[in-house]
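**Q** Provided below are the primary sequence and the corresponding predicted coordinates.
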Protein chains: 2
Amino acid sequence: MANSASGDSAVDRVVRLLAAFPEGTPRLPLSDLAARAGLPLSSAHRLVRQMSDHGLLDVEEGGAVKPGLRLWELVSRNAPTLELRTVALPFMEDIQQVLRQNVNLAVLDGPDALFVERLSRPGSVVNRATVAGRLPVHLSSAGLALMAFQPREVQAEYVARQTLAGAVPEDELRLRLAETARNGYAQLVGILDPDTSGIAAPVLDPRGHAVAALGVVVPVTEVRLREIVAALQAAAQGVRRGLETLRRA
Amino acid sequence: MANSASGDSAVDRVVRLLAAFPEGTPRLPLSDLAARAGLPLSSAHRLVRQMSDHGLLDVEEGGAVKPGLRLWELVSRNAPTLELRTVALPFMEDIQQVLRQNVNLAVLDGPDALFVERLSRPGSVVNRATVAGRLPVHLSSAGLALMAFQPREVQAEYVARQTLAGAVPEDELRLRLAETARNGYAQLVGILDPDTSGIAAPVLDPRGHAVAALGVVVPVTEVRLREIVAALQAAAQGVRRGLETLRRA
């Protein structure tokens, strides 16, 4: 594929444009988009036109640019998270019906929990986990539940990098991960928001490694910890069984 | 952006690769992918490598290619359907709790209903509407509910094209659209599946045009038509109000 004068490929530039939309900002003026993507306005203009011809971007009447419906369709109909989400959603709805609070589903991506789905209702407490949003492992119960059940080498590399970055004291991180592994669930009280607690349980594969985490965000005043953990762990077993059935099919 | 010998741009080729995954086929061997995208194996190989470097595609251990987690994240965190879905989801859950059947949410895209969300439970009847899947307007209650509440010129163009394509007799199409507009909802009995009925109501904007449709798929033996329509229309009002609040914010 041909490269531009600056040496980046067309694929680079497509990715830079798509990545230039900050989370929660579904539309941007062309000039902002070009600046955020680090592209000259003329190149950005040409690329936006090409991408909108294919529905990867949509240009609104006022000139604002947004990710396109066709791109959403292409990605969503075969999303890498589709199987997991399809299997987990009924279990998430069950949990939500019982607790009437936020329920979320996450996978591990590098040092972050990447949230695949979230069910929320008006009146639920604040929940920082948005769909396709990320939270660092050490700041989210879902992240801890995922990392505590990774192969030894993945966990070691994560701890080494975090320690190097100085984000969290190594001892504290190790302690939290060990505690989560021992308990079979993770709980973080008032970390992201002083009024809420996060509780999450891993969905394990046959080797005992976490492929996902099911979690809830509840008020810190919530006292039903045992019931919540039992509900999450039962649901996680159901998701595991559902995934295994799919893989065998 | 530079074009290849065949005259297509890099953006063309990226789109052709992404579009080459058929619905419900989240992974393909590279050779199949190249063939489906109409690309020489060597070009496909190079492009897949570039795209996987950026997380637009993932290459599995066995060599199968699938849409990448990073692409899903970039698209989903600012999806063009995100606001609609966020506002509609609690209403969809309410309907599902009452009816215990499939609930779906669709937007109009050309001559199709494009499904943005679906809630399904084990034991629900067959539902052809999958997330990011399409159904032709004349074969889906959601499609009829969307088209019956479009501006006159959009409807006229649709009817003219369908008539030209010979898909449906013009009279029948006009009749169905008029009936849907008069009733305020669409119902199709046993069209896609002999054992199921689809019922859908439009979510209207302030000018009375449908921006979405909320629908259910129920057994043909379901007798609570009035209750279902009332529930859908009430939910559609709620979604409309939610969208207006968002737009004013």
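**A** Alright, I've got the coordinates. Numbers count the residues shown, from 1 in each chain, chains lettered A, B, ... in the order given.
**Q** Next, see if stretch A:101-112 gets close to chain B.
**A** Yes - contact check for stretch A:101-112 against chain B, using C-beta under 8 Å from any C-beta of the partner chain: residues in range are A:Val107, A:Asp109. The C-beta positions use only the backbone N, C-alpha and C, and glycine is treated the same way.
**Q** What average pLDDT does that stretch get?
**A** Across stretch A:101-112, pLDDT averages out at 93.
**Q** go on, stretch A:75-84?
**A** For stretch A:75-84, the per-residue pLDDT averages 84.
**Q** Buried residues in it, which are they?
**A** By neighbour count, and taking 16 or more other C-beta atoms under 10 Å in any protein chain shown as the criterion, the buried residues in stretch A:75-84 are A:Val75, A:Ser76, A:Arg77, A:Asn78, A:Ala79, A:Pro80, A:Thr81, A:Leu82, A:Leu84.
**Q** near chain B at all, the lengthiest helix in chain A?
**A** Longest helix in chain A, counting residues (DSSP state H): helix A:225-248. No - against chain B, helix A:225-248 shows no contacts by C-beta under 8 Å from any C-beta, the least distance being 9.4 Å.
**Q** Pull the residues that contact that helix.
**A** Surrounding helix A:225-248, the residues in contact under the criterion C-beta atoms under 8 Å, 6 or more residues apart in numbering or on different chains are A:83-84, A:87-88, A:91-92, A:94-95, A:98-99, A:184-185, A:187, A:199-206, A:211-212, A:214-216, A:218, A:222.
**Q** Give me the buried positions along it.
**A** Buried-residue list, helix A:225-248, by 16+ other C-beta under 10 Å: A:Ile228, A:Val229, A:Ala231, A:Leu232, A:Gln233, A:Ala235, A:Ala236, A:Gly238, A:Val239, A:Arg240, A:Gly242, A:Leu243.
**Q** can you check stretch A:197-212 too?
**A** Under the neighbour-count criterion of 16+ other C-beta under 10 Å, stretch A:197-212 has A:Ser197, A:Gly198, A:Ile199, A:Ala200, A:Ala201, A:Pro202, A:Val203, A:Leu204, A:Ala210, A:Val211, A:Ala212 buried.
**Q** Same check on stretch A:12-27?
**A** A:Asp12, A:Arg13, A:Val14, A:Val15, A:Arg16, A:Leu17, A:Leu18, A:Ala20, A:Phe21, A:Pro26, A:Arg27.
**Q** Equivalent analysis for stretch A:38-51, please.
**A** Under the neighbour-count rule (16+ other C-beta under 10 Å), stretch A:38-51 has A:Leu39, A:Ser43, A:Ala44, A:Leu47, A:Val48, A:Gln50, A:Met51 buried.
**Q** which residues touch it?
**A** When contacts are taken as C-beta under 8 Å, 6+ apart, the neighbours of stretch A:38-51 outside the stretch itself are A:4, A:13-14, A:16-17, A:30-31, A:33-34, A:37, A:57, A:59, A:65, A:68, B:1, B:9, B:11.
**Q** tell me the mean pLDDT over it?
**A** Predicted confidence along stretch A:38-51 averages 93 (mean pLDDT).
**Q** Please give the centre-to-centre distance between that stretch and its chain.
**A** Its chain's average C-alpha position is 29 Å from that of stretch A:38-51, according to C-alpha atoms, centre = their mean, to the nearest Å.
**Q** Need the buried residues of stretch A:12-27 in TSV (columns: secondary structure).
**A** As requested, those are exported to TSV (DSSP: H, G, I helix; E, B strand; the rest coil):
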residue	secondary structure
A:Asp12	helix
A:Arg13	helix
A:Val14	helix
A:Val15	helix
A:Arg16	helix
A:Leu17	helix
A:Leu18	helix
A:Ala20	coil
A:Phe21	coil
A:Pro26	coil
A:Arg27	coil
